[in-house]
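Engineer: I would like to see how this sequence folds:
(2 chains)
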2 protein chains.
Amino acid sequence: MSRDGFAPDPAFDAGSGFAADWSLCHVRLQDDARFPWLILIPRRPGVVEIADLAPADRALLMDEIVRAGDRVRDMAAALDRPIDKLNVAALGNVTAQLHVHVVGRRRDDGLWPDPVWGRPGATPWPDQTRARLLALVGG
Amino acid sequence: MSRDGFAPDPAFDAGSGFAADWSLCHVRLQDDARFPWLILIPRRPGVVEIADLAPADRALLMDEIVRAGDRVRDMAAALDRPIDKLNVAALGNVTAQLHVHVVGRRRDDGLWPDPVWGRPGATPWPDQTRARLLALVGG
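Structural biologist: So this is what the prediction gives:
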């Protein structure tokens, strides 16, 4: 737990890894080689819904959602798999701690046009690819 | 089409109806009696991703997402079915025009914890109930 009382729910460790700390959010790379996919977790303790964030933090979250979309496009370009659409979602039915998924989707991604959540089939990124993607997110 | 060149994609008519015009968004009530569910469509022509919105509009969208969550809770309270979680998502894989779903979820809603999109089983609201819900959204 950090000095401000924030810690990401340990449940996130099962499918994702730390990528960066931005102004508001702890940023994670989802370890699913089908999709360039980031998870933004505001570093505020006890926050479940977007409405639980102070207005200034909501503005930061919006900025970081847009930034995450740019990074997802950067990842897709590095993989030579440009995306057709971003999917942005704050669900939290499984892990309540507020987090926002930013997922790059392609028409040929195997699940299109369905959502990605709650669907099996994830395989981890190869280690070298994961390292490349993490370098893009940190920048 | 309105004077500013905006019109909601006709595809939205299949599953939802007009509820209100807020500062930024054309607001629709999803006609699915399983969930209190609003759809926010920014009244800006040609917008597909959140990043396509001007920064001032992004701030309005964030405000209206929070407001829609309040209205979903109002609807759930009127139905005596308080919700456990909000699901907020901008997907757009089927209908590209930028729109944000704000859905009230309950652990006993039949799809929990899965997402609601792309899943069959919607039945329309009874007419009287729909009218009550629309009155809550407009206010």
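
Engineer: Thought A:Pro124 was touching A:Asp31, still the case?
Structural biologist: Yes: using C-beta atoms under 8 Å, A:Asp31 is in contact with A:Pro124, at 4.7 Å. Every C-beta, even on glycine, is put in place using the N, C-alpha and C of the backbone.

Engineer: Between these two, which is the more surrounded one?
Structural biologist: Using other C-beta atoms under 10 Å in any protein chain shown, the more surrounded residue of A:Asp31 and A:Pro124 is A:Asp31, with 17 against 13.

Engineer: Mind naming the longest helix for chain A?
Structural biologist: helix A:55-78 (DSSP state H).

Engineer: can that one be found next to chain B?
Structural biologist: Yes: counting by C-beta under 8 Å from any C-beta of the partner chain, chain B is contacted by helix A:55-78 at A:Arg58, A:Ala59, A:Leu61, A:Met62, A:Ile65, A:Val66, A:Gly69, A:Asp70.

Engineer: Residues that sit against both of A:Asp31 and A:Pro124, list them.
Structural biologist: A:Arg130 (C-beta atoms under 8 Å, 6 or more residues apart in numbering or on different chains).

Engineer: Could you list the contact residues of chain A toward chain B?
Structural biologist: A:48-51, A:58-59, A:61-62, A:65-66, A:69-70, A:85-94, A:96, A:105, A:112-115, A:117-118.

Engineer: Check those for burial and list the buried ones.
Structural biologist: Buried members of the residues of chain A next to chain B, scored by 16 or more other C-beta atoms under 10 Å in any protein chain shown, are A:49-50, A:58-59, A:61-62, A:65-66, A:69, A:85-93, A:105, A:112-115, A:117.

Engineer: Of those, which belong to strands?
Structural biologist: A:Lys85, A:Leu86, A:Asn87, A:Val88, A:Ala89, A:Ala90, A:Arg105 (DSSP state E).
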